[in-house]
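Chemist: below: sequence and its predicted model.
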Amino acid sequence: MLSAADLKGIYVAVVTPFLSNGELDLASYERYVGHLMELDIDGLVVAGTTGESPTIAWEEVEALVRATRNARGARSVPIVVGTGTNSTADTVRRTEMAGRIGADAALVVTPYYSRPSEAGILEHYRRASRTGVPVIAYEIPARTGVRLSAGTMRTILELEGVIGLKDSSGSTQLLRELGGSIAKPVLCGDDSLLFEMLEQGASGGISASASVRTKDFIEVCRQFAAGNDPAARETFEGLRSLIEDLFREPNPSPLKWLLARQNLLADDTVRLPLSPITPGLQAKLSRYVEE
Ligand SMILES: O=C(O)C1=N[C@H](C(=O)O)C[C@H](O)C1
């Protein structure tokens, strides 16, 4: 199981490959994840936003975790599984099940859609944190419809079973408000802000874009941790256009298109309501195919 001290560096948020008929494509998944494992990543996030969590069934999550465990072989790459939903009971059940199938931690998103009170959200995290599976809280107001105050986030991070935060709040404001009093590590969950968040005290990132140019993303964190901020900034600037292009249309459609072009996936299929990328974006992304 993961502890707070393990939350640093680059955790790659992986896609869930599908065949052109929409079925799970485990052969592509094993090839793609096997490739990432060779690149010294710090961890993998399965069934996150990038893994199309809203449209994959729990049995498919189980198959993905099994395949990840097989692919990791001798290298002990931590596996984080997305288990958060907008039902507390369901989130607790999924988090417990994730622990049973070998997840090292669970990524639990702030409950979305019903716009609960901060007290309700705190209780949601308290229950998930009592499952015995380490929880990474996931704040992403643009998707959930609620923005937590720094005070509530601080209380969530003080819960014993919560080992850290994935911050996709869209700016460095939350990190600055948490200031020096952050009880647990924060991972950047907004690829375009990776360098700025490291400067504000983040210990790494959970990144979709890091499926491409993986070594450069790892290098940004390593250079920064070594105190070489100018080199980290320069390496990050070299990734900026890739990150911007990967998020021009809803994630993970652009990323899947690129991974398919790189022959890591057999197909770029996404499940509805996500749709394939436009020809205009395909033209933009073509320049990364050889990288
Ligand atoms: O799946 C994830 O975890 C990530 N999701 C974010 C999103 O799509 O909003 C992006 C981030 O890079 C990783």
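Modeler: On my side now, so go ahead. Numbering: from 1, shown residues only.
Chemist: is it true that residue 102 touches residue 79?
Modeler: Yes: between residue 102 and residue 79 there is a contact under C-beta atoms under 8 Å: 6.7 Å. C-beta: built from backbone N, CA, C; applies to glycine.
Chemist: near residue 16, how many other residues are there?
Modeler: 26 (other C-beta atoms under 10 Å).
Chemist: mind checking how far the closest residue to it other than its chain neighbours is from residue 34?
Modeler: Leaving aside its chain neighbours, residue 16 sits nearest to residue 51 (4.6 Å; criterion: C-beta to C-beta, 6 or more residues apart in numbering). According to C-beta to C-beta, to the nearest Å, residue 51 and residue 34 sit 17 Å apart.
Chemist: quick one: which of the two has more around it?
Modeler: A count of neighbours by other C-beta under 10 Å puts residue 51 above the other of residue 51 and residue 34, at 26 against 16.
Chemist: just to revisit the earlier point, spell out which residues are contacts of both of residue 102 and residue 79.
Modeler: Common contacts of residue 102 and residue 79, defined by C-beta atoms under 8 Å, 6 or more residues apart in numbering, comprise 65, 69.
Chemist: more neighbours: which of the two?
Modeler: For residue 102 versus residue 79, neighbours defined as other C-beta under 10 Å are more numerous around residue 79 (24 against 13).
Chemist: residues contacting the more buried one?
Modeler: 43, 44, 46, 65, 68, 69, 72, 102, 103, 104.
Chemist: and it, bridged to which residues?
Modeler: residue 44 (DSSP bridges).
Chemist: can you pull the pLDDT of it?
Modeler: Looking at residue 79, its pLDDT is 96.
Chemist: can you check the one 5 residues further on too?
Modeler: With respect to pLDDT, residue 84 has a value of 98.
Chemist: any idea how far residue 146 is from residue 170?
Modeler: Counting by C-beta to C-beta, the gap from residue 170 to residue 146 is 13 Å.
Chemist: who in the stretch 51-200 of the chain is up against the ligand?
Modeler: With C-beta under 6 Å from any ligand atom as the criterion, the stretch 51-200 of the chain meets the ligand at residues 140, 168, 189, 191.
Chemist: do a quick rundown of the strands in the stretch 1-150 of the chain.
Modeler: For the stretch 1-150 of the chain, the strands defined by DSSP state E, counting those that start in this stretch occupy 9-13, 43-46, 79-82, 105-109, 135-139.
Chemist: which of those sits closest to residue 239?
Modeler: The closest of the strands of the stretch 1-150 of the chain to residue 239 is strand 9-13. By C-beta to C-beta, the value is 11.5 Å.
Chemist: just the residues contacting that closest one, thanks.
Modeler: For strand 9-13, the external contacting residues (C-beta under 8 Å, 6+ apart) are 36, 41-45, 48-51, 78, 80, 187, 203-208, 210-211, 214, 217-218, 221-222.
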